[in-house]
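Q: Structure here, sequence nowhere to be found:
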């Protein structure tokens with residue numbers, strides 16, 4: 001592979017992270033997900049827990065924004081900028097990156113395949129319960145809430161609608177199967193790289 005980078009955005013519980021990891025293994029390229037949080041934590045001195053919370057619930061509070069106008073860049077923005085810089089640094093070699101608005105961060109990258117993975121709600125609920133070991137009283141609501149957090153984060157930092165097909169080169173429904181989704185993305189990546 002030349003300089004091809006694959007970004008995977010995904011609905012919660014769609015299996016997008018699993019697909020991304022298997023894709024990186026098949027292509028023999030590095031995989032970045034939680035490693036980004038660890039690296040940004042080291043660089044900024046912020047805890048990994050704080051960074052994960054920032055990603056899960058970006059501020060939309062007018063009072064918070066007003067307060068931060070008088071301060072330096074708000075911490076959530078500092079986290080986003082640090083993550084974006086790290087993402088840009090690791091894409092000097094082929095890799096697979098999960099989430100963190102990488103599709104947008106790499107908008108100018110000359111060889112980037114932007115993928116969005118979705119799945120039917122019942123499949124996502126089942127995966128959250130069985131594979132992620134989530135125990136919530138109302139699983140459907142919980143899964144939908146995770147997607148709202150992702151959409152809010154994306155909208156806040158990118159100014160685009162999360163999950164909109166126009167933001168991606170390939171949208172795939174993992175209901176076709178994890179291995180089939182990996183094969184389809186791999187085929188698209190190899191065609192793009194060739």
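A: On my side now, so go ahead. Worth saying up front: this structure is predicted, and the values here are computed from it rather than measured. Residues are numbered from 1 along each chain as shown.

Q: Quick one: residues contacting residue 188.
A: By C-beta atoms under 8 Å, 6 or more residues apart in numbering, the contact set of residue 188 is 113, 115, 169, 170. For every residue, glycine as well, the C-beta is placed using N, CA and C.

Q: The last one touches residue 114, doesn't it?
A: Yep, that's residue 170 we're talking about. Yes. Judged on C-beta atoms under 8 Å, residue 170 makes contact with residue 114 at a distance of 7.4 Å.

Q: Which ones among the contacts of residue 188 map onto strands?
A: Among the contacts of residue 188, the residues falling in strands (DSSP state E) are 113, 115, 170.

Q: Can I get those residues in JSON lines including neighbour count, pLDDT and distance to residue 92?
A: Below are these laid out as JSON lines (neighbours: other C-beta atoms under 10 Å; pLDDT from 0 to 100; distance: C-beta to C-beta, whole Å):
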{"residue": "113", "neighbour count": "23", "pLDDT": "96", "distance to residue 92": "17"}
{"residue": "115", "neighbour count": "25", "pLDDT": "98", "distance to residue 92": "20"}
{"residue": "170", "neighbour count": "18", "pLDDT": "97", "distance to residue 92": "23"}
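
Q: quick one: which of the residues you listed is nearest to residue 10?
A: For the ones in strands among the contacts of residue 188, the closest approach to residue 10 (C-beta to C-beta) belongs to residue 115, at 8.4 Å.

Q: got the contact list for the closest one?
A: 6, 7, 8, 9, 168, 169, 170, 171, 172, 185, 188.

Q: what's the answer for residue 184, then?
A: Contacts of residue 184 (C-beta under 8 Å, 6+ apart): 170, 172, 176.

Q: how about the helices of the protein, start to end?
A: Along the chain, the stretches classed as helices by DSSP state H are 16-27, 34-44, 48-56, 62-69, 75-90, 102-105, 121-130, 139-158, 178-193.

Q: Find the one among those helices with the highest mean neighbour count.
A: Comparing those by mean neighbour count (mean count of other C-beta atoms under 10 Å), helix 102-105 comes out on top with a mean of 24.

Q: Can you tell me which helices and strands that one packs against?
A: strand 5-10, helix 75-90, helix 139-158 (3 or more C-beta pairs under 8 Å, 6 or more residues apart in numbering; DSSP states H and E).

Q: Which among these is found nearest to residue 25?
A: For residue 25, the closest of the helices and strands packed on helix 102-105 is strand 5-10, at 12.6 Å, according to C-beta to C-beta.

Q: I'd like the mean pLDDT over the closest one, please.
A: What strand 5-10 shows for mean pLDDT is 97.

Q: I'd like to check the angle between that strand and helix 178-193, please.
A: Here the directions of strand 5-10 and helix 178-193 differ by 140 degrees (axes from the mean of the first three to the mean of the last three C-alpha atoms, to 10 degrees).

Q: ok, strand 5-10: who's next to it in the sheet?
A: The pairing partners recorded for strand 5-10 under DSSP bridges are strand 95-98 (parallel), strand 112-118 (parallel).
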